[in-house]
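Return atomic coordinates for the entry below.
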Amino acid sequence: MAQLKIALFCSGGMSSSLAGANMQKVFDKEGKDVQVDAYDLGMVDEVGDEVDVIMLAPQISWDYDAVKKSFPDKKVIKLTMQEFGSMSGQVLIDRLTKEGIEYE
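Predicted coordinates for the structure are as follows:
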């Protein structure tokens, strides 16, 4: 299985950077081949094709349908306020698992 690439988007890129870094720490500790990067929503068209999973922070969940339409072959996840607000890498990874996303 190739490396799993996850893009985490928020309105400014700041809070998603922290959440993404926390996810990366958990994956690294577990020795998983996963890359998590954080972006401003404006970057979704540039990076969407290069990733396997697109995660949207709650403040930009209004754009979910458009993102899903632009990237029909990608897994697009709309995070809840509780999940994103926790800033817990494990909580966000648990959501991936709940969505059926597998990683090695």
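
Pull out the buried residues from the helix or strand where Asp65 lies.
For Asp65, the enclosing helix or strand under DSSP states H and E is helix 64-70. Under the neighbour-count criterion of 16 or more other Cβ atoms under 10 Å, helix 64-70 has Val67 buried. In short, each C-beta sits where N, CA and C put it, glycine included.

where are the low-confidence patches of this structure?
Scanning the chain for pLDDT under 70 picks out 1, 13.

Please enumerate the helices of it.
14-29, 44-47, 64-70, 81-86, 89-98 (DSSP state H).

In a markdown table: those, plus distance to Glu104.
Output for the helices of the chain, formatted as a markdown table (distance: least, Cβ to Cβ, whole Å):
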| stretch | distance to Glu104 |
| --- | --- |
| helix 14-29 | 10 |
| helix 44-47 | 22 |
| helix 64-70 | 26 |
| helix 81-86 | 23 |
| helix 89-98 | 13 |
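
Quick one: list the elements packing against the helix holding Asp65.
helix 44-47, strand 53-56, strand 75-78 (3 or more Cβ pairs under 8 Å, 6 or more residues apart in numbering; DSSP states H and E).

Show me the one of these that comes nearest Tyr103.
strand 53-56 (9.4 Å; Cβ to Cβ).

Direction included, what does the closest one pair against?
Strand pairing for strand 53-56, determined by DSSP bridges: strand 4-10 (parallel), strand 75-78 (parallel).

Buried ones in stretch 30-44, by neighbour count?
34, 36-39, 41, 44.

can you give me the end-to-end distance of it?
Chord length of stretch 30-44, first to last residue, is 28 Å (Cα to Cα, to the nearest Å).

roughly how far is that stretch from the heart of the chain?
6 Å (Cα atoms, centre = their mean, to the nearest Å).
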